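>>> Can you look at this prediction? I've put the sequence above it.
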Amino acid sequence: MAEHLSISENMIPKHILAAIAAHRRACREPMAAFFYDLPALAAHGRAMQAALPTGVELYYAIKANSEAAIIDTLAPVVDGLELSSGGEIARACACSTPRPWVLSGPGKLDSDMHDAMTRGVEAFHVESLGEVARLQAIAASLDHLQPVLLRINPALPADLSSRLRMAGTATPFGIDEAQLAEAVRAVDDASNLTLVGFHVHAMSHQTCEQRHQRLLASYLERWPRWRALARHPERVTQLNVGGGIGVNYLQPSSLQPSAQFDWSGLCQALGERLATMHEPPRVRFEIGRFLSAFCGYYAIEVLDTKVSHGEGFLVCRGGTHQFRLPAAQGHDHPVIHLPRDPERAGEGERQPWTVVGQLCTPKDVLSRGQELQGVAVGDLLVLPLAGAYGYNISHADFLCHPRPEQFFVRSAHESRELETRDQRHAEPAS
C-alpha cells in the first residue's frame, strides 16, 4: 500500500500508512480502525506552546480525546488539563506525567466536587449561584480553602457569533454578566472559597483568527471592570479564555494546523494587547479540538458499491456509530482513497460517491459528493482529522457492532511491531 503513493496518499504520514497496512494484512474481517500519530501530536503541542506570549498558559481540554495515550503525549507539553466529569478526573489522575488540572462544566455532582478536592484540583470553574453554595458546603466539610473561577456568559456583538455558541445567548453555561456582581459577592462571602479569576468560553468552531482576536480583546476590555467587583481584587489574577479554535473539515488539502488557523498570529496579537494593560491577567487557553484533531485517521474498508436513484454509494465497514463527528457537525468529511490494487485505481472516470456505514438508518453518512476514481470492494478509505470528537462522542454500541480498534503509533518501528502483534492476534486459537 505504502509503495504506490498517490497525491492523496501523500497526505498521510508513511508510518501511519505502514500501520494501516500492517493491521489490514492481519485482519480476518474487513477493517475499521483508528490510527493516531503521536509524534505529530507532540510536535503540534510543542509548536502551540512555543507561540504563547509570556504569562499565557495552554491547557488541554481532554473532552476532545481522553484516551490515555493522547493525554500522556500532551501532558509533558502543555501546562495542565481541563476536565469536566468524574470519569475525566480518573483519567487525568492516571496520567504518566502529573499535571495541574481544573474542573469545569454544568451539572457537577457533589461526589465529583468532593473527589476533585481530595485529589488536588487546582480550581473549579463555577457555573451558577447554586453551585457556589454546594461547593462551599463541600469545602467546609473538608476544612479546605478552594480557589474558584466564575464562568461568565457575557453579552457579545452579533458579528462575533459562530456555529456553536456557548455564551452571548441563552445557554446552560456560566453566569449572565448582569448577575456577575451577585455571584462575586456570594464567593466573597463563602468562607472556604477564594475567587482567583474568571472563565469565558463563548464560541466553538472559530476558524477566523481575526474574529477570535476581537473576541479576546472584548474580554480583556472588560477585565478591569470584572476584577473590580471582588472584595480582594488583588487575588483575582486569572482569565481563562477557554478554547473554541476550530478545524476546517471542508479543506482536504489543508490537513496541517498551520494551514488552517493562524495560531501564532493570534498569540502575537494577544501578547501585544497584554503589554499595553495595567495589571494584565494571567491568560489561559483550554484547547481541545485544535490540539488533537490533526493526529487521527479513521480507516474503513469498502464492503459494497451501488447506485440508488442515480446516486453512487460506497457502503463501508464502520460508520457514524464509530465516527459520529461528520453527522454531529453536519459536514462531509474529507476522504482519502487507498486502493487494494493501485494499478486498477487509475481505471475509469472519477465520479461522486456518498460514503456510508453499516447502520440501518439513512443518517449513517460520513461524506457526500466525494470525487473518487476506480473505487472497488476491498479498497480502504481513510478519513483524516479524526483525532478529536470522533470515536469518543460516538454511539458505539448501536446495532451491537464491534467497537473499532485504536492504534497509537509512535514511530515506523512501532508500525512494524503493530504488524507482528496483529499477525499473532490473527492466528487461530489452538
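Received it, and whenever you're ready, just let me know what you need.
>>> hey, where'd the helices end up in the stretch 251-400 of the chain?
With helices called from DSSP state H, counting those that start in this stretch, the stretch 251-400 of the chain shows them at 263-275, 289-292, 325-329.
>>> Relative to His125, which of those helices is closest?
helix 289-292 (18.5 Å; C-beta to C-beta). Yep, even glycine has a C-beta here, placed from its N, CA and C like the rest.
>>> Which other helices and strands does the closest one contact?
helix 38-51, helix 68-74 (3 or more C-beta pairs under 8 Å, 6 or more residues apart in numbering; DSSP states H and E).
>>> now do 10 Å
If you count contacts as 3 or more C-beta pairs under 10 Å, 6 or more residues apart in numbering; DSSP states H and E, helix 289-292 packs onto helix 38-51, strand 56-61, helix 68-74.
>>> any chance of those in CSV, plus mean pLDDT and mean neighbour count?
Converted to CSV, the helices and strands packed on helix 289-292 look like this (pLDDT from 0 to 100; neighbours: other C-beta atoms under 10 Å):
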stretch, mean pLDDT, mean neighbour count
helix 38-51, 97, 18
strand 56-61, 98, 24
helix 68-74, 98, 21
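>>> Pro233: which of these is closest?
strand 56-61 (20.6 Å).
>>> hang on, the earlier thing: right, so the helices of the stretch 251-400 of the chain: which one is the most enclosed?
helix 289-292 (a mean of 27; mean count of other C-beta atoms under 10 Å).
>>> mind saving the C-alpha coords of that one as CSV?
Taking C-alpha atoms only, helix 289-292 is exported to CSV below (Å, rounded to 0.1, in the frame of the first residue of the first chain):
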residue,chain,number,x,y,z
ARG,A,289,-10.1,20.1,19.1
PHE,A,290,-7.3,22.2,17.6
LEU,A,291,-4.7,20.2,19.6
SER,A,292,-5.8,16.6,18.9
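>>> for the record, mean pLDDT for it?
Mean pLDDT, helix 289-292: 96.
>>> Repeat that for stretch 113-133.
97.
>>> And for stretch 246-256?
Rounded mean pLDDT across stretch 246-256 is 77.
>>> what's the span of it from first residue to last?
This stretch, stretch 246-256, spans 13 Å end to end (C-alpha to C-alpha, to the nearest Å).
>>> Going forward, count from 225.
Sure, I'll start counting at 225 from here, so that last one is stretch 470-480.
>>> Work out the gap between that stretch and the centre of the chain.
Mean C-alpha position of stretch 470-480 versus that of the full chain (C-alpha atoms, centre = their mean, to the nearest Å) differs by 14 Å.
>>> out of everything not next to it in sequence, what's closest to Ala493?
Spatially, and ignoring its direct neighbours in sequence, Ala493 is nearest to Gln437 (4.9 Å; C-beta to C-beta, 6 or more residues apart in numbering).
>>> so who does the one you found touch?
Asp486, Gly489, Leu490, Cys491, Gln492, Ala493, Leu494, Arg497 (C-beta atoms under 10 Å, 6 or more residues apart in numbering).
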